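K.L.:
structure for this input, please:
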Amino acid sequence: MPAMATSVASEQTLIAAFLFNFLKFTEWPESSVGPELTLCTSKNPPFEELNAIGGRSAQGKPVKIKRLQLGDDTQDCQLLYLPQEEGAERIRDWLKTVHAKPVLVVSNINGFLDMGGMLVLNNDGKNLHFSVNLDMVRQSSLKLSAQLLQIAREVRGR
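P.N.:
Reported below is the predicted structural model:
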C-alpha cells in the first residue's frame, strides 16, 4: 500500500508545480489582480502539497493559497483548481460561479474542457500533461504565454 500513497503524493506535488507555472505564465487584466496572486481550491480533498507554493513568488507577487467551499466568494482568485474528487456535477456548479470572470480554471477531471474548463491536467500513467481550451481562456479576458501553449498536449480554439 505505501507505493500507492507515494504515487498519489507525487502526483499532487506535480499538480502543485503545474499550477504554480500556470500562475507564472498567465496574464490577467490589471484590475483583477491585487498585491498577491491567489490560487484557490476546494477544501476537499485537503491537497497539502499546495502549501509548498504558498508564499513563493510568481510574476513578482507572493502566491496565496485559499481553500473554498462551493458558494464562497471567488472574487480574489486568479486561479481556481477543482480536483476530480469534487465530481462532475459540483465542478459544473463551480464553473458557473466563475463564468466569464478573470479566473483561470484548472481541473484534472476527464472531460473538463467539454464542461467549459480552461486547462485540464491528465495523467497518462507515465507523465502529467495538460490541454487548453483557448476559447474559454479568452472569454475570461486572460492571456496564456506562447511558451505555455507550446508545451500543451492539445490547444482547442487556436
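
K.L.:
tell me the contacts of the residue nearest the centre of the chain?
P.N.:
By C-alpha atoms, centre = their mean, the mean C-alpha position of the chain lies nearest to residue 106, the distance being 3.2 Å. If you count contacts by C-beta atoms under 8 Å, 6 or more residues apart in numbering, residue 106 has them with 18-19, 22, 79-82, 117-121, 130. In short, each C-beta sits where N, CA and C put it, glycine included.

K.L.:
nearest to residue 38 among those residues?
P.N.:
residue 79 (7.6 Å; C-beta to C-beta).

K.L.:
please look at the closest one and residue 19 and confirm they touch.
P.N.:
Yes: here residue 79 reaches residue 19: they are 6.4 Å apart, a contact under C-beta atoms under 8 Å.

K.L.:
just give the nearest non-adjacent residue to residue 152, would you?
P.N.:
residue 132 (4.9 Å; C-beta to C-beta, 6 or more residues apart in numbering).

K.L.:
quick one, what contacts the one you found?
P.N.:
113, 118-119, 144, 148-149, 152, 154-156 are the contacts of residue 132 under C-beta under 8 Å, 6+ apart.

K.L.:
alright, calling it a day.
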